[in-house]
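> need a structure here:
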Amino acid sequence: MAVVEELVVISLVSSLLACAGGGSSLPTGDPARPDVILVSIDSLRPDHLGSYGSARDPSPSPFLDELALKGQRFTEARTVSPWTLPSHVSMLSGQGPLEHGVVEDDRHIPADLPLIQAALQSSGFATGGFVSTIYVSDIYGFERGFDRFDDFDIQQKKNLQHTVRGEQVVDAAVEWAKGAGSKPVFLFVHLYDVHYPYLPPEPFNLRYDRAGTKKSQRYRSYEWTLKNLITPERWLHLLAQYDECINYADTQLQRLHTAWGSRPATWIVTADHGEEFGEHGGWGHAHTLYPEAMRVPLIVSGAGVPEAAVREDRVGVLDVSATIAALAKVPFKAEGVNVLGVVPPKRDQVFDTSRFDSARLGLLSGDQRLDLDFAAGTEALYDEAVDAGELTKIPGVDQALVARAWASVGDRWTASGPLITPGWIFADGSAREHTWSGPGPFALFPPDAPTSGAAQRGSPLPPVVNLSDETRKQLEALGYEQ
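From the prediction side, this is the model:
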């Protein structure tokens with residue numbers, strides 16, 4: 001209880017200091033062109049927020065809960081891919097991974113891929129991006145379109161070891177915004193604090209449980225967790241640490257909101273993906289397309305939001321850039337829609353991952369979610385109307401749904417002779433594993449699978465990124481390379 005009281009005191013003191021200082025230290029904004037603040041909290045599951053039904057007491061997310069109460073909270077939001085890089089490219093481009101092609105960590109954002117920050121920059125917005133992991137860094141081209149982009153020298157070992165805290169990110173963002181002048185601001189903030197290894201700083205590390213250590217439960221790999229029992233006691237400790245990290249991130253976002261003061265702004269808060277905590281046996285993300293990995297929060301609040309509401313529309317990461325463009329009144333072509341407008345009911349959503357040894361393609365259509373696991377050679381169908389957690393497969397798989405999922409990959413290839421690939425080929429209404437004789441057109445999954453033989457892609461693959469051996473070694477220590 002003493003720690004909880006201490007945190008409450010810290011929050012109250014911060015609020016009093018803000019009031020004593022007259023609110024925002026930023027230049028006065030323009031109500032006709034409000035700022036847009038996009039926040040992506042890495043690995044954040046919506047069901048761990050108070051406003052989304054978390055049973056944790058007190059709520060880990062009082063600021064976000066209040067933001068949701070005053071704005072629009074979307075209960076059916078999902079990402080497009082269960083890991084950071086492709087999801088953020090989709091968030092900022094409005095194109096799915098199968099379209100933009102940045103599906104693995106050796107691919108760079110294509111120079112001709114439109115990004116929402118560049119569109120806003122061209123329309124007179126001051127644009128700032130402040131990020132805290134390598135997979136949203138300038139190594140992959142995320143700096144394009146930002147007047148100021150800070151990845152805090154993410155290539156350095158210290159930052160791959162999770163030391164870029166939300167406090168540092170928020171401080172840098174506020175300091176930059178002070179110099180924005182009379183321009184409207186587009187601010188992109190990426191927080192990594194909720195990502196494994198779930199080690200919040202003091203005093204947050206004692207809010208729900210004992211302090212964690214790097215030895216509390218070391219993450220080795222997703223496959224390891226499938227084969228090795230994590231005891232119920234350790235799960236409880238991990239979940240407490242996870243929620244403490246959420247509480248820390250929430251506090252930092254409250255600081256950002258306080259710094260903004262009365263300057264008009266619209267907040268969009270979401271996540272790149274969720275996290276698996278044993279619902280289907282594993283711990284982590286990137287390997288599967290189950291709801292615990294794919295569901296994300298989406299809160300839109302502040303200037304330009306017509307009214308407070310809880311929305312059940314089927315939306316997600318793919319809709320973020322279109323929503324930003326509508327708020328900023330800037331033209332931008334995207335696959336997604338403005339979530340504050342009319343959203344087609346129960347529209348189809350496509351998901352995919354080819355990270356590590358996985359190869360999964362998913363289609364959510366109506367209440368049914370199709371899961372094609374090419375690596376395992378299995379097809380599964382779930383009815384989310386009665387089984388929201390996708391714990392029980394329903395018998396039979398509609399092959400029309402399978403064909404629609406294949407079609408989402410896109411017929412971008414042709415071949416004039418024998419073709420060999422480690423991927424899967426879809427053509428003429430059927431699937432082929434690794435080999436084909438042509439001629440085409442055909443679709444290839446994953447889209448970056450190498451080919452040998454007389455094959456040609458209609459549009460080029462994204463440029464290659466060469467990570468150093470040292471960087472890959474550090475990423476392996478974090479579970480990013482397996």
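
> Tell me the secondary structure of Glu307, please.
coil (DSSP: H, G, I helix; E, B strand; the rest coil).

> What is the burial count for it?
When neighbours are defined as other Cβ atoms under 10 Å, Glu307 has 6 of them. Where C-beta positions appear, they are placed from N, C-alpha and C, glycine not excepted.

> Phi and psi next, for it.
With angles defined as degrees, to the nearest 10, Glu307 sits at phi -170, psi 160.

> Are we agreed that Ile420 is in a strand?
Yes: counting by three-state DSSP, Ile420 is located in a strand.

> wait, isn't it in contact with His434?
Yes: assessed by Cβ atoms under 8 Å, Ile420 is found in contact with His434 at 6.5 Å.

> shouldn't Leu340 be in contact with Phe74?
No: look at Leu340 against Phe74 with Cβ under 8 Å: they stay out of range, at 10.3 Å.

> intersection of neighbour lists for these two?
Jointly contacting Leu340 and Phe74 under the rule Cβ atoms under 8 Å, 6 or more residues apart in numbering are Val300.

> between those two, which one's more packed in?
Set Leu340 next to Phe74 and count neighbours by other Cβ under 10 Å: Phe74 wins out with 26 against 20.

> For Pro46, which residues are in contact?
Neighbour list for Pro46: Tyr52, Thr75, Ala77, Ala271, Gly274, Arg295, Val296, Pro297 [criterion: Cβ under 8 Å, 6+ apart].

> can I get those in TSV with pLDDT?
TSV is the format used below for the contacts of Pro46 (pLDDT from 0 to 100):
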residue	pLDDT
Tyr52	98
Thr75	98
Ala77	98
Ala271	98
Gly274	98
Arg295	98
Val296	98
Pro297	98
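
> Can you select the buried ones from those in ChimeraX?
Applying 16 or more other Cβ atoms under 10 Å to these, the buried members can be selected in ChimeraX as follows:
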select :52,75,77,271,274,295,296,297
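
> Which parts of the stretch 1-150 of the chain are strands?
35-41, 72-78, 126-130, 148-150 (DSSP state E, counting those that start in this stretch).

> Ok, which of the ones you listed comes nearest Asp243?
strand 35-41 (12.9 Å; Cβ to Cβ).

> okay, and for this structure, where does confidence drop off?
1-24, 155-162, 214-215, 217, 476-482 (pLDDT under 70).

> Tell me which residues touch the residue sitting furthest away from the middle of it, please.
Farthest-out residue of the chain from its mean C-alpha position, per Cα atoms, centre = their mean: Gly417, at 39.6 Å. The contact partners of Gly417, by Cβ under 8 Å, 6+ apart, come to Ser437, Gly438, Gly453, Ala454.

> Can you give me the distance of the last one to Ser262?
Same thing as Ala454. 64 Å (Cβ to Cβ, to the nearest Å).

> Looking at those two now, which is surrounded by more residues?
Ala454 (14 against 11).

> Check for me that that one belongs to a strand.
Yes: using three-state DSSP, the assignment for Ala454 is a strand.

> And it, how close does it get to Ile420?
Taken as Cβ to Cβ, the spacing of Ala454 relative to Ile420 amounts to 11 Å.

> ditto for Val342
Distance, Val342 to Ile420, by Cβ to Cβ: 47 Å.

> Let me know the next secondary structure element after the longest helix anywhere in the chain.
When the chain is parsed with DSSP state H, its longest helix is helix 232-260. Going down the chain from helix 232-260, the next helix or strand is strand 265-270, by DSSP states H and E.

> Restrict that following strand to CA atoms and write it as CSV.
The C-alpha trace of strand 265-270 is given here as CSV (Å, rounded to 0.1, in the frame of the first residue of the first chain):
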residue,chain,number,x,y,z
ALA,A,265,-4.4,18.1,-30.2
THR,A,266,-5.9,14.8,-31.2
TRP,A,267,-4.4,11.7,-29.5
ILE,A,268,-4.3,8.3,-31.2
VAL,A,269,-3.0,5.6,-29.0
THR,A,270,-2.5,2.0,-30.2
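
> contact partners of it?
29, 34-41, 64, 67, 71, 77, 91, 185, 253, 257, 296-305, 317, 320, 323-324, 327.

> helices or strands up against whichever helix or strand comes after that strand?
With elements assigned by DSSP H and E, the helix or strand that comes after strand 265-270 is strand 276-277. Packing contacts for strand 276-277, counted by 3 or more Cβ pairs under 8 Å, 6 or more residues apart in numbering; DSSP states H and E, involve helix 232-260, strand 283-284, helix 291-294.

> between the longest one and strand 35-41, what angle do the directions make?
Per axes from the mean of the first three to the mean of the last three Cα atoms, to 10 degrees, the angle that helix 232-260 makes with strand 35-41 is 170 degrees.

> So for this structure, the centremost residue is which one?
Geometric centre of the chain, nearest residue: Asp272, 0.6 Å, by Cα atoms, centre = their mean.

> My guess is that one contacts Ser40. True?
Yes: Asp272 lies in contact with Ser40 (Cβ under 8 Å); the separation is 5.7 Å.

> Residues that sit against both of these two, list them.
His88, Met91.

> and Val342 and Ile420? which has more neighbours close in?
Ile420 (12 against 9).

> All the helices of the stretch 251-400 of the chain, in order from the start?
For the stretch 251-400 of the chain, helices defined by DSSP state H, counting those that start in this stretch occupy the ranges 291-294, 320-328, 399-409.

> Not counting its own residues, what contacts the second one?
Outside of helix 320-328, the residues that reach it under the criterion Cβ under 8 Å, 6+ apart are 33-34, 36, 38, 91-94, 115-116, 119-120, 123, 125, 184, 186, 266, 268, 270, 300, 304, 331-332, 334, 336-341.
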